[in-house]
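[1] Sequence first, then the predicted structure:
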Amino acid sequence: DAKTTQPPSMDCAEGRAANLPCNHSTISGNEYVYWYRQIHSQGPQYIIHGLKNNETNEMASLIITEDRKSSTLILPHATLRDTAVYYCIVERNRDDKIIFGKGTRLHILP
Amino acid sequence: GAVVSQHPSRVICKSGTSVKIECRSLDFQATTMFWYRQFPKQSLMLMATSNEGSKATYEQGVEKDKFLINHASLTLSTLTVTSAHPEDSSFYICSAEAGVYEQFFGPGTRLTVL
């Protein structure tokens, strides 16, 4: 079973920041938090990952709380192309499998 | 990032026939690849782990004799759906490990069984 909890859907206005929350209260000390997204009828796309510190790349920022029980993915300036299902994943069991939960369906509103 | 391809992207077949789907890592070697299945409006479901040079490991409830997996080289894994039936119609996605904590996904193959 997935070890994360995400809201099923969110709306965000185009050009605004999209903040996607994720709860992972049972995360272990050596488990990373990963974010992927899946645009309709495509394979999942890697976005970002982190362990303890906040991370930023060209796509997004990842904010992890100090107790590591939750995190937020931030898309700073959402566009219509960011419409997708976003998956928060806690890595992973010793077989390195990625187990997907239901994710958050993000709708970007024009 | 690393690139993973799948072939074909779409396939339509008659019930009872077998279909082979290829997953290739284009610019890296992958000792481990994974196969997922996704039904409409649902999340990805892991089917099996494909290990180069050894037998695949199947998730509970996945029929190994129906979904044959071969990982013959460090850049290629194949999934064969044998004796396909309409209920096997789905979106099949593979992923490949490029390194520790680095996993990249293919674009998916949409299978329709008539």
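    Received the coordinates, thanks. Numbers count the residues shown, from 1 in each chain, chains lettered A, B, ... in the order given.

[2] Now do the same contact list for residue B:37.
    When the contact criterion is CB atoms under 8 Å, 6 or more residues apart in numbering or on different chains, the partners of residue B:37 are B:44-45, B:47, B:90-93. Where C-beta positions appear, they are placed from N, C-alpha and C, glycine not excepted.

[3] can I assume it sits in a strand?
    Yes - the secondary structure assignment for residue B:37 places it in a strand, going by DSSP: H, G, I helix; E, B strand; the rest coil.

[4] re earlier: so of the contacts of residue B:37, which ones are in helices?
    Within those, no residue falls in helices by DSSP state H.

[5] Across the sheet, point out what pairs with residue B:90.
    Counting by DSSP bridges, residue B:90 forms beta bridges with residue B:111.

[6] Tell me how many other residues surround it.
    The criterion is other CB atoms under 10 Å in any protein chain shown. On that basis, residue B:90 has 21 neighbouring residues.

[7] Surely it touches residue B:42?
    No - taking CB atoms under 8 Å as the contact criterion, residue B:90 and residue B:42 are not neighbours in contact, 9.4 Å apart.

[8] if we can go back for a sec, Serialize the contacts of residue B:37 to CSV and add fields for pLDDT.
    Compiled in CSV, those are given as follows (pLDDT from 0 to 100):
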residue, pLDDT
B:44, 95
B:45, 95
B:47, 96
B:90, 97
B:91, 97
B:92, 98
B:93, 97
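
[9] can you tell me which two in those are farthest apart?
    Taking CB to CB as the measure, the contacts of residue B:37 span a maximum distance of 11.9 Å, between B:47 and B:91.

[10] more neighbours, the two?
    It is residue B:47, of residue B:47 and residue B:91, that has more neighbours when counted by other CB under 10 Å, with 24 against 19.

[11] Surely that one is in contact with residue B:35?
    Yes - assessed by CB under 8 Å, residue B:47 is found in contact with residue B:35 at 4.6 Å.

[12] Quickly list what's touching both of the two.
    Common contact partners of residue B:47 and residue B:35 (CB under 8 Å, 6+ apart): B:67, B:79.
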